[in-house]
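Peer 1: my questions concern the predicted model and sequence given below.
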Amino acid sequence: MYKDKIVLCGASAYEHKYYFNEDFSALPQSVQDELHIMCVLYTEEIGGVLTLEFDEDGSLEFTTEALESDAMYDDIGSVLRIKQIRADKQELLESLELYYRVFFLGEDVEETLNEGEE
């Protein structure tokens, strides 16, 4: 059903907009709000465009891009900020991956949880 990358959410410093994929509207509002805040804060601090995407295996990837003419975009800060987000929000991100793998890829919850313990 889902073979390509699926965007969960994203934000753009250029358009000052936030996007949330309505396919994930079953997520609790508190999780949706946390994603919104995380993405917008990133683009306000670093610039450019940030999207959170699930790959075909269900791993959550942070994708960034910036216009070549954007002298304010911070390449180094981007890498460091994403690393910090991954550390600070590890539990949330792992829960989102589990949610995606179970509800979108149809994996068995027990098998998925057992894989993570190995």
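Peer 2: That came through, no problem.

Peer 1: and the nearest residue to residue 24 once chain neighbours are set aside, how close does it get to residue 68?
Peer 2: Residue nearest to residue 24 in three dimensions, not counting chain neighbours: residue 8, with 6.0 Å by C-beta to C-beta, 6 or more residues apart in numbering. Heads up, the C-betas are built off the backbone N, CA and C, glycines and all. Between residue 8 and residue 68 the computed distance is 26 Å (C-beta to C-beta, to the nearest Å).

Peer 1: helix, strand or coil for the closest residue in space to residue 11 that isn't next to it in sequence?
Peer 2: The spatial neighbour of residue 11 that comes closest, neighbours along the chain excluded (C-beta to C-beta, 6+ apart), is residue 39 at 3.8 Å. Reduced to three states with DSSP: H, G, I helix; E, B strand; the rest coil, the structure at residue 39 is helix.

Peer 1: check contacts around residue 39.
Peer 2: Counting by C-beta atoms under 8 Å, 6 or more residues apart in numbering, residue 39 makes contact with 9-11, 18, 50, 52.

Peer 1: which residues in this structure form helices?
Peer 2: 29-45, 75-88, 90-103, 109-117 (DSSP state H).
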